[in-house]
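> Here is the input, now give the coordinates:
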Amino acid sequence: LAGFSNCTDGYHVTSPHPEGIGAVFCMEKAIEHAGITKESVDYINTHGTSTGMGDPIETNAIAELFSEHAGEMAVTSTKGATGHMMGAGGITEAITCIQCIRTGVPPTLNLDELDEKCASLNYVPHKAIEKEVRVAMSNSFGFGGQNSSVIFCRYE
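Residues are numbered from 1 along each chain as shown. All right, here's what the predicted structure looks like:
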């Protein structure tokens, strides 16, 4: 575990801030805490609940923070494989990041039709890919604007 951040944007009881300000802040602070650059992040496991509101907001937050590097990263959601386990989702997604560093990038299962608002990122549909991952981030963004991001780095 290299870095983490937790914050709240307090925008609404169930909805994230439409501009993703809490998500951007949280990811940025986790990167700072880890002492790495944005360009060193190879993979993000998104909160990715497959909702018409949340997924585009998270996509835009990632695109805003990582700018040109956003298209170079692999970005997936594992909730298509596990379901949304509420509080337990964070730990399973952290394990996914650790395994991703060890073995490669898992797919976003059941991604048959990508929302055009999410087309700016590589969501790795259906099949795992071989990609060297040295740095992985996991996002958990919940009700009430709660935001958590953790960063794992390959041990050297």
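> May I ask which helix or strand of the protein has the lowest mean pLDDT?
helix 79-82 (a mean of 77; mean pLDDT, DSSP states H and E).
> For the helix or strand following that helix, which residues meet the burial criterion?
Once the chain leaves helix 79-82, the next helix or strand it forms, by DSSP states H and E, is helix 89-103. For helix 89-103, the neighbour count (16 or more other C-beta atoms under 10 Å) marks Gly89, Gly90, Thr92, Glu93, Ala94, Thr96, Cys97, Cys100, Ile101 as buried. C-betas here are computed from N, CA, C, even on glycine.
> would CSV of those residues with distance to His47 be doable?
Formatted as CSV, the buried residues of helix 89-103 follow (distance: C-beta to C-beta, whole Å):
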residue, distance to His47
Gly89, 8
Gly90, 9
Thr92, 12
Glu93, 8
Ala94, 13
Thr96, 13
Cys97, 13
Cys100, 16
Ile101, 20
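> of all those, which comes closest to Phe143?
Distance to Phe143 across the buried residues of helix 89-103 (C-beta to C-beta) is lowest for Gly89, with 12.6 Å.
> Next, work out how far apart the nearest residue to Thr92 once chain neighbours are set aside and Val124 are.
Distances taken as C-beta to C-beta, 6 or more residues apart in numbering place Thr82 nearest to Thr92, at 5.7 Å, with adjacent residues excluded. Distance of Thr82 to Val124, computed by C-beta to C-beta, to the nearest Å: 16 Å.
> Leu111 now?
Separation of Leu111 from Val124 (C-beta to C-beta): 8 Å.
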